[in-house]
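In: next input, structure requested:
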Amino acid sequence: MSAVIVIPARYDSTRFPGKPLAPLRGMPVIRHVYENSKLAASADDVIVATDSETIFETVLAFGGKASMTSKEHASGTDRVAEVARTLSCDIIVNVQGDEPLIRPEMIDDAVNLLSDEGADIGTLAKKVGRAEEILDPNVVKVVFDHEGFALYFSRAPIPYHRDDWGSLDEFKVQSSKFKVFKHVGIYSYRREALLRLTGMKPSGLEGIERLEQLRALENGLRIKVAETSLETVGIDTPQDLERVEKWLSISS
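Out: Numbers count the residues shown, from 1 in each chain. Model prediction:
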């Protein structure tokens, strides 16, 4: 199956305007994402989808591919779908434009999930390593069945170990004892599934949890999940950028 990575990158972020262009170790963030994505063995091409002429020109300047998209999209998924309509590949991979630490192995794992003919969408999950992440609503949790298909995604602690954890007011947990998985936000889509998803109206659970993947589940699309030991860090604020810069300095 042929796969193309599409990286949505918009300029007007509320918390960090222009973050795809922010310098990180001498290169814009978007170039880190692009170069790491190019290393994925499963992908035939990488395209940045943007509504910014500056981002578009920056990508072309470092030798990358980019496509201008509408400024009216409600989400990065919609932006990816606009580019997907112009492609003839089997699989589209959505890699966020603010994740410079994305690993090519993660992309390959997401693509390989779609070798299961029953899967419409592939994504990754990692076992929670810190107890505080279980209660953090910014850390999305996922539960899946014995075949790896997602049952639900939530900002709440799921599954809830009632007999061991007690009430939320007295919440205490040694996270190593329990299997709680957090969602790692990379997606592989069968092209037709992506176009179906973005043609659907937002769903009820999606509106409650503010999680777009629940629209897929509510409408019968099947999301297959693979466990990963790897993790990526999204850049939402200038402080996040500083943390990633320090991490890269230590690891290099």
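In: just checking, what packs against the host helix or strand of Glu105?
Out: Assigned by DSSP states H and E, Glu105 falls within helix 104-112. Packed against helix 104-112, as judged by 3 or more C-beta pairs under 8 Å, 6 or more residues apart in numbering; DSSP states H and E, are the following elements: helix 29-38, strand 91-94, strand 121-127, strand 181-190, strand 223-227. (Each C-beta comes from the backbone N, C-alpha and C, glycine too.)
In: can you redo these as a markdown table with mean neighbour count?
Out: A markdown table is the format used below for the helices and strands packed on helix 104-112 (neighbours: other C-beta atoms under 10 Å):
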| stretch | mean neighbour count |
| --- | --- |
| helix 29-38 | 22 |
| strand 91-94 | 26 |
| strand 121-127 | 22 |
| strand 181-190 | 23 |
| strand 223-227 | 21 |
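In: and of these, who's closest to Leu60?
Out: For the helices and strands packed on helix 104-112, proximity to Leu60 was assessed by C-beta to C-beta; helix 29-38 is nearest, at 11.3 Å.
In: related to what we said a few turns ago, list the buried residues in the helix holding Glu105.
Out: 104, 106-112 (16 or more other C-beta atoms under 10 Å).
In: between the residues you listed, which is nearest Lys126?
Out: In terms of C-beta to C-beta, no member of those lies closer to Lys126 than Met106, at 10.0 Å.
In: okay, that closest one: pLDDT?
Out: Per-residue pLDDT puts Met106 at 97.
In: go on, Ser13?
Out: For Ser13, pLDDT reads 79.
In: could you do Ser252 as well?
Out: 63.
In: what are the ranges of the strands in the protein?
Out: Using DSSP state E, the strands of the chain run over 3-9, 23-24, 27-28, 45-50, 66-68, 91-94, 121-127, 141-144, 150-154, 181-190, 223-227.
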